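In: Pasted the sequence and its predicted model underneath.
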Amino acid sequence: MASASLPSPPEAEPPECPVCFSPFDDASVVPRVLPCGHSLCGSCISSLPPASASAVAASLRCPLCSQCVPFSRALGPSSLPKNLALLSLLPNPSPARAAGAGAASAAHPLPLPLHAAHSRLFARFRHAILPESASPLQSAPPGPTPAGLVVGSIASDLGVPWFCLQGHPVSLLPVEVPAVGKPSQEATFYRPCHGSRVVAAIDALSGAAREEMLDLVAASARLARRVCRVYGAWMGPEVPTLWLVSERHTPGVPHLLELDESRDKLEMVPRVRAVGMEVCEALMGLHGEGLVLGCLRLDCFRLGRFGCCLLDLNEVLALCRGVRAGVCLSKDGAFVAPEMAAVLSDATRMRSRDFDGLVGCNSDVWLLGCIFVALVTGDEQLAAGWNSDGSHDDWKKEVHTRLVAALIGTQLEPLSAITVSCLSYEPEDRPEIVDAWKCIRGSWMKSSGDALAAADDLVAQKSFRCLLLGELSSMCSGPAVESDGKMQASRGSDDNSSTPDDEIDRGCMSNESVCTEGVDEVQRDGVFKSSTLLAHRDCVTGLAIGGGFLFSCSYDKTINVWSLQDLSHVQTLKGHEHKITAVVVVDNDNQSLCISGDSGSGIFVWHVDSSLNEEPLIKWYEHNDWIYRGVHCLAVSGTSYLYTGSKDKTIKAWSLEDYSLRCTMTGHKSTVSCLAVASGILYSGSWDGTIRSWWLTDHSPLSVLEDDTPGSIAPVLSIATEANFVISSYESGCLKIWKDDVIVKSEKLQNGSIYAVKLNGKWLYTGGIDKVINIQEMLDDESDVEIRDVASIACDSVVTSILYWGERLIVGLSNQEIKVYDKGS
């Protein structure tokens, strides 16, 4: 009984505010979570009166549960966290709103990080890029290789999705990157990761070449029992040659023809039957994937571990290149259908790439017939000799005579007739591949084989991509071969390497009072440039931006102020008597404040304006007891509170109105080392290995983020927060990612302490004692969070602080320097 299709369920109504019944959105009616757990819109929360006439103004009564909850009217609803769960349930924006958002984004494009150019392309090719550890060119290629094809082996075990063991032989086909599309030479300090280098090379290819490469990788994975697996693309660490890597088996099918020169029929029949059926299945599988070969040779088929016949697509591409270049001809055993040969000889059509109506399965039927002739007669020259001296009809008669003589009296005698039909000059006169498969199968098993007919009908409706006429086959010249650290020129290689001109722009800006202050020489090398800010005389410990200035603090007890327009040094703020450990900036409508803390518990507030008064606006000391003295970190929430994390294991909240102590938060068992504020919540990290969260409204504890894995406890050194993510770095070199207070990722990034971590959108920056800044992309879906290496920046000293502003990455180092990395012109 046919079942009627069920109607699609109506679109669920969006969640709404339980007070005003306005639908929630992410702009004007944002759901905010009260301390009692209920969510209201910001307008309703602001309009709620105090809990009672005698109650303090910093409270209200929840209209849903009647519970009295704290609420700071000075901070407003924005101090309360958003209900991210409700926001995730909101429907997609309307087309009009989406169009408006698109227009707004077009008018004001968001700045992308320096390394974001190939992020979308990597998402498509992520499973088609071999890791650098594969190193398939560790050993020298054994003997000559055709058309630039190189033979190597995998250096280490590869897991998902390749499942390839160490030492497995592979073939590598060079993929030429167009000279005009080659990625620019990067600056010496900027080291893209292996995946980024491969993606940059792939991006330089034409769109057709990229799609062809993806099709080969995907098709070979689905046809693993019929073709050799194409693993994907790989690049060596030194030479920028892009390779297409495929598994390789030895020996090839021609080895079977050499085993028995007498060609005894009793041994020939089972051999032709087994190999012939597997050749048919490989071709039908590729047609089902929309791929047509266009040319073929017997040695393109290899024998697998269990004796099965597999089609080596890298061998096919190498043969296609030889045919396109005129190197591999019929006398070399290359099989090419007459219609394909006519297309290749038509220079006008090849230039226009107009192949509509010319590419189809029938061309591969001709190739199948040639394979049968070579298998049965053992004469590859006969199979490939249709376009030699003499007519096609004479050649076809000779083929028929040789086939009949070899197959007469055997179970495969009907194969001679269908093979001759496969070699018909007109493509429409050739049979289907499935007919040849049924002929061979019927010689030893009585079966109709109708199961393959439907699949063959489906193939007839497909559009095909021909490898012989494709972009990868047009790359006829082979680049240099990298092996054992040496360069070996393969046949047809050209030395296309060139050294780009290095542009050095000198931008020294000195200050009269301190001769070493200013911006050191700007290094430009390709698409990135770096600037060095010199003014401090000891380790840089913190960076902050506000009021149009960059502020940097140091163990030299000073704060240096830099202009964000030209990075020139503006002023040095002095007054601290101890090492400055942290600096933050508060921006509001009336004024901007720079606040600094030192190891002697001193807290200094500086007024930020064009005059930049050298005297602090106010200063005070957190502790008089020398045992507990020391401010380790600072954070601010809007313009209301300053938070200090100290050696005494506490977090203190100071009012920015009168600078009085309003609250002391306890719970940590060691020094509070870092603070961060996001979505109405204060996060604190400590040397006790835990991260605690606190409500900004009443400073009450919210949760404790702790990894219970044995041996994972290490001091927390830095915290970065954004949306519902908290990212923490540790003294052990580990990085941990928490999503909705649940740990979702833990990874060891460096060998030593990671002192700085910064999250900017999906881009993650980390640096520490290894003197390297790791740049990674955080990929988030509903089930998993993945970190993808993008690049690294080599530094001259330990990285102590990281700040991302605009399109500039600003880094503080322990050698007194501040590095600024941005896009070169």
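Out: Arrived safely.
In: Quick check: L86 vs P15, distance?
Out: Using C-beta to C-beta, to the nearest Å, one gets 5 Å for the distance from L86 to P15. To be clear about C-beta, it is placed using only N, CA and C from the backbone, and glycine gets the same treatment.
In: Overlap in contacts, those two.
Out: Both L86 and P15 are in contact with F24, P31, where contact means C-beta atoms under 8 Å, 6 or more residues apart in numbering.
In: got a list of what the residue sitting nearest the centre point of the chain touches?
Out: Centre of the chain computed as the mean C-alpha position; nearest residue by C-alpha atoms, centre = their mean is F122, 4.4 Å away. Counting by C-beta under 8 Å, 6+ apart, F122 touches I129, G195, S196, V199, E777, R788.
In: Using the three-state scheme, assign it.
Out: Of the three states, F122 takes helix under DSSP: H, G, I helix; E, B strand; the rest coil.
In: With V323 instead?
Out: helix.
In: and the contacts of F122, which of them are in strands?
Out: Of the positions in the contacts of F122, E777, R788 sit in strands, assigned by DSSP state E.
In: Out of the contacts of F122, which is nearest to R61?
Out: E777 (45.5 Å; C-beta to C-beta).
In: Tell me what that closest one is bridged to.
Out: Here E777 shows beta-bridge partners W763, R788, assigned using DSSP bridges.
In: how many neighbours does it have?
Out: 22 (other C-beta atoms under 10 Å).
In: Next one: it relative to V790, how far apart?
Out: Using C-beta to C-beta, one obtains 5 Å as the distance from E777 to V790.
In: shared neighbours, those two?
Out: Jointly contacting E777 and V790 under the rule C-beta under 8 Å, 6+ apart are W763.
In: Am I right that W738 sits in a strand?
Out: Yes: membership of W738 in a strand is supported by three-state DSSP.
In: got the contact list for it?
Out: Contacts of W738 (C-beta under 8 Å, 6+ apart): I691, L705, F725, V726, I727, S728, V744.
In: Which of these ranks first by neighbour count?
Out: Going by other C-beta under 10 Å, S728 tops the contacts of W738 with 28 neighbours.
In: Could you tell me the model confidence score at that residue?
Out: pLDDT, S728: 94.
In: and if you look at S46?
Out: According to the predicted model, the pLDDT of S46 comes to 84.
In: Each with direction, which strands does the host helix or strand of S718 pair with?
Out: Assessed by DSSP states H and E, S718 sits inside strand 716-722. Paired strands of strand 716-722, with direction, are strand 725-730 (antiparallel) (DSSP bridges).
In: ok, and what's touching the partner strand?
Out: Strand 725-730 is contacted by residues 676, 683, 685, 689, 691, 705, 714-721, 735-739, 741, 753-757, 759, 764, 766, 768, 778, 780 when judged by C-beta under 8 Å, 6+ apart.
In: Make a PyMOL selection of whichever of the residues you listed turn out to be buried.
Out: The buried subset of the contacts of strand 725-730, as determined by 16 or more other C-beta atoms under 10 Å, is captured in PyMOL by this line:
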select buried, resi 676+683+685+689+691+705+714+715+716+717+718+719+720+721+735+736+737+738+753+754+755+756+757+759+764+766+768+778+780
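In: Let me know whether my guess that V376 is in a helix holds.
Out: Yes: under three-state DSSP, V376 falls within a helix.
In: Provide a list of residues in contact with it.
Out: V376 touches M268, V272, R402, L403, A406, L407, L412, L415, S416, T419, counting by C-beta under 8 Å, 6+ apart.
In: Please repeat the previous calculation with a cut-off of 7 Å.
Out: By C-beta atoms under 7 Å, 6 or more residues apart in numbering, the residues touching V376 are V272, L403, A406, L407.
In: Could you do T800 as well?
Out: C539, V540, T541, Y755, A756, G812, L813, S814.
In: Just confirm the third one is within a strand.
Out: So that's T541. Yes: looking at T541 with three-state DSSP, it is inside a strand.
In: how close does the residue with the largest distance to the centre of the chain sit to P23?
Out: In the chain, G409 marks the outermost C-alpha relative to the chain mean, sitting 60.5 Å out by C-alpha atoms, centre = their mean. Applying C-beta to C-beta, the value for G409 to P23 is 83 Å.
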